[in-house]
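>>> Generate a structure from the sequence data that follows.
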Amino acid sequence: MVSEVGRIRFYGPVVFLCVISCWISPTAIAQQGISSSGDTALPDAPAPVQIPSFATEDPQQATAASITGTILDTNQHVLQGARVMVTGRSTSAVRSAEADHNGQFAFIELPPDVYQVTVTGPGMNTFTSSPISLHGGETRVLSVTLSVFGGATSVTVSGDKEELAEQQVQIALQQRIAGILPNFYSSYDWNAPPLGAKQKMKLSLRSIIDPVSFLTTAGMTGVQQYRNTHPEYGGGIEGYGKRYGANLANHTAGILLGRGVFPSLFHQDPRYFYKGNGSIQSRMFYAISAAVVARGDDGRWEPNYSHVLGSLSVAGIANLYYPASERGASRVLFNGLAGTGTSAVSNLFREFVFKRITSHVPKD
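You can find the predicted model right below:
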């Protein structure tokens with residue numbers, strides 16, 4: 001009996017403490033969520049996320065695509081002023097631009113879509129591309145070749161080259177400055193068919209015997225007579241005759257060799273091809289460079305052997321009839337370079353002046 005009472009006395013407080021602790025623990029745990037100020041604490045909010053600066057860019061710019069390209073003719077020369085149109089399939093939006101003096105175009109900030117490019121040019125066949133699928137940020141570069149309307153290749157293959165060349169001669173012979181002065185060696189058709197050897201010689205001979213050529217030579221001789229150029233020739237009718245004979249010989253040899261014989265041998269076109277487009281500086285550079293650069297019969301540009309050798313040959317032949325003081329190798333070189341410089345100046349007039357006052361110029 002005593003032992004039972006002892007057990008109760010020993011275990012009773014222990015049981016009591018356990019019950020009290022079980023009752024107090026949830027309360028204490030709940031009280032841990034109470035702040036010192038008495039306010040109920042909410043779960044901590046997540047830290048703000050720092051958005052990278054590039055995420056604020058315009059989404060349209062980030063996904064924009066572009067189409068650029070260059071337009072050439074069948075001779076692989078840049079084609080200026082061609083009209084380029086880009087059409088989207090989903091939006092049906094149409095954008096257009098004109099090729100610059102380098103034959104280049106660019107369409108930027110295009111939304112992703114399937115596009116079709118159409119290129120047109122005066123007197124040229126229309127080019128239409130196959131569908132171009134553009135994704136965001138993608139750039140497509142095109143190289144477009146336009147042929148002459150009706151098909152340059154088919155004309156060359158099925159047509160008579162001799163007949164085409166003869167037509168070019170007839171076109172040239174109708175071109176006269178103010179309807180009087182010959183302008184036979186200016187071509188206002190950039191894609192004109194090449195002249196054959198026969199046509200080159202025919203045009204040069206026709207230029208030599210043109211009545212106006214004799215008159216202009218006579219006028220130039222009169223100026224030399226007045227300024228007493230080549231004083232060894234003397235004055236009066238005899239001096240004038242010598243000067244006239246020298247000038248006529250220079251004119252004949254220059255045309256015959258520089259625009260007939262050498263172009264036939266080197267397969268180069270003796271004509272100046274009018275540019276007409278681009279900045280004034282680019283046209284001036286083109287005109288001046290044409291004195292030393294020529295278009296081959298195959299359409300490629302190459303050193304103008306025909307004109308340079310023609311000028312030097314004329315200067316060499318002049319040793320036969322020029323006064324003794326104006327002969328020699330150094331004089332030949334000087335006169336040859338002078339002839340090239342004269343051609344460069346003449347080309348500037350062909351590019352900027354003659355077309356406006358030349359009769360029977362083909363329409364653009």
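>>> okay, CA-based contacts and neighbour counts for the rest of this
OK.
>>> Tell me which stretches of the protein form strands.
Secondary structure of the chain by DSSP state E: the strands cover 65-73, 83-88, 94-98, 104-110, 113-120, 127-128, 132-134, 139-146, 176-177, 181-182, 186-187, 272-273, 293-295, 301-303.
>>> contact partners of the first one?
Contacts with strand 65-73, where a contact means C-alpha atoms under 8 Å, 6 or more residues apart in numbering, come from 78-80, 82, 99, 102-112, 134-148.
>>> which of these are buried?
Buried subset of these (neighbour count, 16 or more other C-alpha atoms under 10 Å): 78-80, 82, 99, 102-107, 110-112, 134-137, 139, 142, 144-148.
>>> one step back: can you add distance to residue 341 and mean pLDDT and give the strands of the chain back as TSV?
Converted to TSV, these look like this (distance: least, C-alpha to C-alpha, whole Å; pLDDT from 0 to 100):
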stretch	distance to residue 341	mean pLDDT
strand 65-73	30	87
strand 83-88	37	91
strand 94-98	35	89
strand 104-110	32	88
strand 113-120	38	90
strand 127-128	41	88
strand 132-134	49	86
strand 139-146	35	86
strand 176-177	22	96
strand 181-182	20	96
strand 186-187	18	96
strand 272-273	15	96
strand 293-295	13	95
strand 301-303	15	93
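>>> chain center to stretch 231-238, what's the gap?
Stretch 231-238 sits 53 Å away from the centroid of its parent chain (C-alpha atoms, centre = their mean, to the nearest Å).
>>> for the stretch 151-300 of the chain, what are the low-confidence residue spans?
151-160 (pLDDT under 70).
>>> same thing but at 90, please
Residues of the stretch 151-300 of the chain that meet the criterion pLDDT under 90 lie in 151-165, 167, 189-193, 277-278, 298-300.
>>> all helices of it, in order?
Counting by DSSP state H, counting those that start in this stretch, the stretch 151-300 of the chain has helices at residues 152-158, 161-173, 197-208, 211-227, 236-256, 262-266, 280-289.
>>> closest to residue 94 out of these?
Closest to residue 94 of the helices of the stretch 151-300 of the chain, according to C-alpha to C-alpha: helix 152-158, at 29.1 Å.
>>> For beta bridges, what are the partners of residue 116?
Residue 116 forms beta bridges with residue 87, as assigned by DSSP bridges.
>>> mind checking how far it is from residue 146?
Distance check for residue 116 against residue 146: by C-alpha to C-alpha, to the nearest Å, it reads 16 Å.
>>> follow-up on the earlier one: kindly reformat the strands of the chain as TSV and extend each row with distance to residue 358.
Compiled in TSV, those are given as follows (distance: least, C-alpha to C-alpha, whole Å):
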stretch	distance to residue 358
strand 65-73	26
strand 83-88	28
strand 94-98	28
strand 104-110	31
strand 113-120	28
strand 127-128	33
strand 132-134	45
strand 139-146	28
strand 176-177	4
strand 181-182	9
strand 186-187	10
strand 272-273	14
strand 293-295	23
strand 301-303	26
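>>> what's the closest of those to residue 220?
Smallest distance to residue 220 across the strands of the chain (C-alpha to C-alpha): 14.1 Å, for strand 181-182.
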